[in-house]
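A.B. asks: below are the sequence and a predicted model for it; my questions follow.
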Amino acid sequence: KKSLSEGALRPSDLLAQFKQTEATTRTQIWAAELLDNTVDERDVENLLQVTGCSAELQRPSCDSDCLSERYRSVTGECNNRQHPRWGAANIPYSRWLPPEYEDAWGTPRGWDPAHTYNNATLPPVRLVSQDVLFTHNDNISLDSTLSHLLVEWGQWIDHDVVLTPQSPSTAAFRTGADCTHTCSRDTPCFPIQIPLSDPRYGVQSCMPFFRSAPSCVSGVLSHRHREQLNAITSFVDASMVYGSSTSLASALRNHSSPLGSMTLNSQHSDQELAYMPFLSKRLKNTTSCFQAGERAHVHLGMIALHTLFLREHNRLVKELQLLNPHWSPDTLYQEARKIIGAVHQILTWEHYLPRVLGEGAMSRLMPPYEGYDPEVDPSIANVFAAAAFRFAHVTVQPVVNRLGPGYTANSQHPPLPLHHSLFASWRVVQEGGIDPVLRGLLLSPAKLQTPGQMMVEELTERLFQAQGGMPLDLGALNLQRGRDHGLPGYGSWRRFCSLSVPNTTSDLAEILSNLTLANKFQLLYGTPHNIDVWVGAISEPAVPGGRVGPLLSCLLARQFRALRDGDRFWWEREGMFTSTQRRNLHSISLSRIICDNSHITHVPTDPFSRTERPEDMLACSHPLISHLDLSPWKEPDAGEEAGKEDCEISGSCVVL
Ligand code: HEM
Ligand SMILES: [Ca+2]
C-alpha cells in the first residue's frame, strides 16, 4: 500500500503492464519488430527463417485423435482443421476492410498533422476527447434497466477474445528517444499532442503512446502492409481463466492435485475461500499481483470475476469427481474447462448480447445456430479490437461501489473512485475479499451513454493516475489506437454495413439525431467521412431495446456470429454435449455461480438487469436461482473410463 503512494510506476508503465503478454508472444513481436526495421529484402528472408517469426508463419500440424475432437487446444490452434491458425493465439487480426494508413505500408493516420484525407486534416485525438467525450463524474445518467455487472461482463469477454501487444521497445528506433518523454513521432513512439485549449497545456506537452507491435506477416513481402497481433485465442473459451499458451495453462494448474484443480493462493484466503495465486514477479516497487490466464489484476471488477471462475472450476472438478471417481485429473480438468467454456458462451450469447444489440437486431443479425461452418473465419477483426468492442468504455461508472452483507455501505470498504481500483489486488486481500465488489456490481446500474455524457473524467483525465505521474486518457488512446491500426473512417464502415453514408453535416445530424453533436464533428473533422470510427459509432443513438447504434450492432454481431459459427467446439454443436447436458447447461446463471463461490447469500434472479433495492434480491436457496445439475455427466459405471483410456492410447473415441 505504501509503495503505491510513492509514485513508483508511471501511467504508461501501467498501460504496458495492462498489455503484458507471455514469452511466446514476446519472442514473436521482438522478431516482427526487427523485421519491420530491416531494409534489405535479402535480410528479411533470412530473418524470417531464423527469428521467432517462424512460429507464426509455419503451419501447425493437427492431431486427429479423439482427444482433439473432444477438447479444445489451449492455443486455439487446429480448431479449424483446414486453417489451423484461424482463431488461434498470436495471429494477426483479420481485416474486413483494407487498412488506410498514411502511406502504402503502415504509417498511422494523423502521423503528419498536415496530411489530408478527403481534403481535410485529422483533428488531434485529445481535442476530440475534450470536445466530444469529456463528462464530469457527477454529470451522468444511469441506465434504467441494466446493472454494472453487465458492463463488467463485457470487459471480461473482451479479455477472453482480444489482447493487442504494444511495441516492446520503449525507445524510438531511429533516434533512441524515450517514448515516455518525447513529443516527436518516431516509431514506436506516436505521442498524443496536448492542444492549446487543453487544461493540461503547459503542464504536459504530450501523452506517451506506443504503437501496437507489428505482426510477423507484415514482414512477408507479399503482404505489403502492417498488421497487428492478437495474443490470445479469439474463441470464447475462457482463455482468461486458463491461459492461451501451454506453458501458462500448465503454470496455472495444480499438478499435484488428483482432482485436476487450478493452483490457489498459498498466502491468503477470503474467509476460507480461495484467491488466485500471486505472480511470481512483482511489478517494480508494488505489492503482489494476482495471476490468471489473462490480465487478472487490472481492476477490482476483473479480479472478482477471475476469482469467481477459478473457484467455480475447483468446485466443478470436485463434483465431477464424486460422480466419476475413476476419472483421471486430466479428464476432470478438461471436463470442467469444457463446462466453464460453455457457461461463457451461454451467458454471452443468451444474456449479454441481446441486451447490447437489442432483441430485434439480435434476431436479424444472429439467426439461430445451424451448426459448425468450417468456412467461417472466427479470428478477431482489427476494427472489433481497436474500435467496436471498446463501445462499453462509455458505459463505465466513475465510482466502484463496494457493499457489505445486506448490500449496505461499510466503512471497511468505502466506494472508490475508479482510478483507485486499477491495479489494486491488495485492496481485495485487505479490504474484505471479492464479496463487497460483487455486491456493488450487482446493485449498481450501468452508466447510460448519451450524446452529452460520453466518457467519465475518471477515464479521460485520471486513467492510471493512482501511482502518480501524468494520467492517460482512455478516449484519446482509443482514437489514437484506431489510427495506429490504420482503421478506415466512419463513412467507410457505414458503407461496409450497408448503412447510409453521411456526406454533409445535416446527413450526419439525421443519423445521430443530434445537430449539436453533428456540428461538433463538422468543426473537428471537416467531413463526416474522416470521423474516427470508434467515436462515430458510439455517437449513434441506440437501436430499440439495445445499447448501441446501427453501425455497432452490425460490427459486433458480425464478429460474434463468426465466433459462434466458426467454432468447432461451440457448445450447441452436435456431439459436444448430450442433449440432457445441453438442457442443464442452458439453465445456468451467473447468480448461482456467485452464490456457490462467495459468501453472498442474496442475489438477483437476473444479475445483468438493474436491481433497485436489496429487498428485491432472492436468497441463494430460492428455486429460481437454479443449480447446474451435473448428473448427466455421470458415466455408466467403469466402462466409460476404459473408453477414455482407449481415447488417449489408441485414438478410438467414446461419446460422452
Ligand atoms: C473499468 C473499466 C475499463 C477500463 C479502465 C478499461 C481500460 C482500457 C485500456 C487502458 C485499454 C487499452 C487502450 C489502448 O492503449 O489502446 C483498453 C482496451 C480495450 N477495452 Fe477497455 N477498459 C474498461 C472497460 C471495458 C469494457 C466494459 C469493455 C467492453 C465491453 C472494454 C473493451 C476493451 C477492448 C476491446 C479493448 C482493446 C483491447 C486490446 O486491443 O488489447 N473495456 N481498455
Ligand atoms: Ca479466448
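C.D. replies: That came in fine, so what should we check first? Ligands and ions are numbered 1, 2, ... in the order given.

A.B. asks: please make it C-alpha for all contacts and neighbour counts, starting now.
C.D. replies: OK.

A.B. asks: name the element residue 224 belongs to?
C.D. replies: Taking DSSP states H and E as the definition, one finds residue 224 inside no helix or strand.

A.B. asks: next, the distance between the ends of stretch 475-492.
C.D. replies: 21 Å (CA to CA, to the nearest Å).

A.B. asks: mean confidence score for that stretch?
C.D. replies: Averaged across stretch 475-492, pLDDT comes to 98.

A.B. asks: do it and ligand 1 come into contact?
C.D. replies: Yes. Contact check for stretch 475-492 against ligand 1, using CA under 6 Å from any ligand atom: residues in range are 477-478, 481.

A.B. asks: how far off centre is that stretch?
C.D. replies: Stretch 475-492 sits 18 Å away from the centroid of its parent chain (CA atoms, centre = their mean, to the nearest Å).

A.B. asks: run a quick neighbour tally on the closest residue to residue 375 other than its chain neighbours.
C.D. replies: Distances taken as CA to CA, 6 or more residues apart in numbering put residue 566 closest to residue 375, at 7.2 Å, once the chain neighbours are dropped. Applying the criterion other CA atoms under 10 Å, we find 24 residues in the vicinity of residue 566.

A.B. asks: same question, residue 295
C.D. replies: Around residue 295 sit 24 other residues, with neighbours defined as other CA under 10 Å.

A.B. asks: residues contacting it?
C.D. replies: With contact set as CA atoms under 8 Å, 6 or more residues apart in numbering, residue 295 has these partners: 18-20, 159, 240.

A.B. asks: include secondary structure and pLDDT when you put the residues you listed into a markdown table, please.
C.D. replies: Shown next, in a markdown table, are the contacts of residue 295 (DSSP: H, G, I helix; E, B strand; the rest coil; pLDDT from 0 to 100):
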| residue | secondary structure | pLDDT |
| --- | --- | --- |
| 18 | helix | 76 |
| 19 | coil | 76 |
| 20 | coil | 78 |
| 159 | helix | 96 |
| 240 | helix | 96 |
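
A.B. asks: who does whatever residue of the stretch 201-350 of the chain ends up closest to ligand 1 bridge with?
C.D. replies: With distances taken as CA to the nearest ligand atom, the stretch 201-350 of the chain approaches ligand 1 most closely at residue 299, which sits 6.7 Å away. Under DSSP bridges, the beta-bridge partners of residue 299 are residue 422.

A.B. asks: verify the stated contact: it with residue 426.
C.D. replies: No. Taking CA atoms under 8 Å as the contact criterion, residue 299 and residue 426 are not neighbours in contact, 10.7 Å apart.

A.B. asks: settle it for me: which of those two has more neighbours?
C.D. replies: A side-by-side neighbour count of residue 299 and residue 426, using other CA under 10 Å, places residue 299 first with 20 against 17.

A.B. asks: and that one, what does it touch?
C.D. replies: Taking CA under 8 Å, 6+ apart, we find residue 299 in contact with 421-425.

A.B. asks: any of those residues buried? List them.
C.D. replies: Those of the contacts of residue 299 that meet the buried threshold are 421-425, by 16 or more other CA atoms under 10 Å.

A.B. asks: CSV for the contacts of residue 295, including neighbour count and distance to ligand 2?
C.D. replies: Output for these, formatted as CSV (neighbours: other CA atoms under 10 Å; distance: CA to the ion, whole Å):
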residue, neighbour count, distance to ligand 2
18, 19, 17
19, 19, 15
20, 19, 16
159, 23, 8
240, 23, 7
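
A.B. asks: returning to what we had before: could I get the buried ones among the contacts of residue 299 as TSV with distance to residue 313 and pLDDT?
C.D. replies: TSV is the format used below for these (distance: CA to CA, whole Å; pLDDT from 0 to 100):
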residue	distance to residue 313	pLDDT
421	26	89
422	25	88
423	24	84
424	24	83
425	21	84
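
A.B. asks: pipe those into TSV and attach distance to ligand 1 per row.
C.D. replies: Rendered in TSV, the data for these read as follows (distance: CA to the nearest ligand atom, whole Å):
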residue	distance to ligand 1
421	8
422	7
423	10
424	12
425	14
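
A.B. asks: near ligand 2, list only the ones from those.
C.D. replies: Restricting those to those within reach of ligand 2 (CA under 5 Å from the ion) leaves nothing.

A.B. asks: for the residue lying closest to residue 20 once chain neighbours are set aside, what are phi and psi?
C.D. replies: With CA to CA, 6+ apart as the criterion, residue 20 has its nearest non-adjacent residue at 6.9 Å, and that residue is residue 165. The phi and psi values for residue 165, taken as degrees, to the nearest 10, are phi -70, psi 140.

A.B. asks: mind telling me what element the residue nearest the centre of the chain is part of?
C.D. replies: For the chain, the residue lying nearest the average C-alpha position, counting by CA atoms, centre = their mean, turns out to be residue 158 (1.9 Å). Counting by DSSP H and E, the element that carries residue 158 is helix 148-161.
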